[in-house]
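Chemist: okay, structure incoming, though there's no sequence with it:
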């Protein structure tokens with residue numbers, strides 16, 4: 001019995017659930033940026049981003065979510081999600097708001113991204129096996 005075969009089916013379900021949470025969170029962020037000008041204006045002013053960056057950032061969030069949700073592009077999506085969330089963490093770090101709510105949420109979503117993908121992707125588990 002190999003590393004891949006030793007994972008119960010429940011792990012795939014947990015991985016799918018974690019991945020769904022990440023996907024829904026990114027979809028919500030992207031849609032909020034694109035469709036809520038008043039909330040966007042306050043957030044962008046607080047972080048120092050120009051209002052003109054809203055459309056590209058919203059589209060990036062939506063693109064990351066879609067690529068991560070599709071099984072054939074999930075690894076690429078996870079890499080892009082990690083970059084997107086890392087940018088959010090860096091933005092708040094630059095503002096001096098260490099351990100702020102957005103930083104913690106971004107960090108947890110990053111963990112959930114790779115944890116969910118690991119649990120639902122046999123190929124990734126074979127590349128990065130946990131050996132007891």
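Modeler: Arrived safely, thanks for sending. Please read these numbers as outputs of a predicted model, since none were measured by experiment. Residues are numbered from 1 along each chain as shown.

Chemist: helices and strands around the longest helix along the chain, which ones?
Modeler: In terms of residue count, the longest helix belonging to the chain (DSSP state H) is helix 9-35. Helix 9-35 sits against helix 37-47, helix 54-69, helix 74-94, helix 101-120, with contacts defined as 3 or more Cβ pairs under 8 Å, 6 or more residues apart in numbering; DSSP states H and E. C-beta: built from backbone N, CA, C; applies to glycine.

Chemist: list the buried ones in that helix?
Modeler: Of all the residues in helix 9-35, those buried under the rule 16 or more other Cβ atoms under 10 Å are 15, 18, 19, 22, 23, 25, 26, 27, 29, 30, 33, 34.

Chemist: kindly report the same for stretch 120-132.
Modeler: Residues 120, 121, 124, 125 are the ones in stretch 120-132 that count as buried (16+ other Cβ under 10 Å).

Chemist: ok, now how distant is the nearest residue to residue 32 once chain neighbours are set aside from residue 45?
Modeler: The shortest distance from residue 32 to any non-neighbouring residue, by Cβ to Cβ, 6 or more residues apart in numbering, is to residue 39 (6.3 Å). Remark: distance between residue 39 and residue 45 (Cβ to Cβ, to the nearest Å) = 11 Å.
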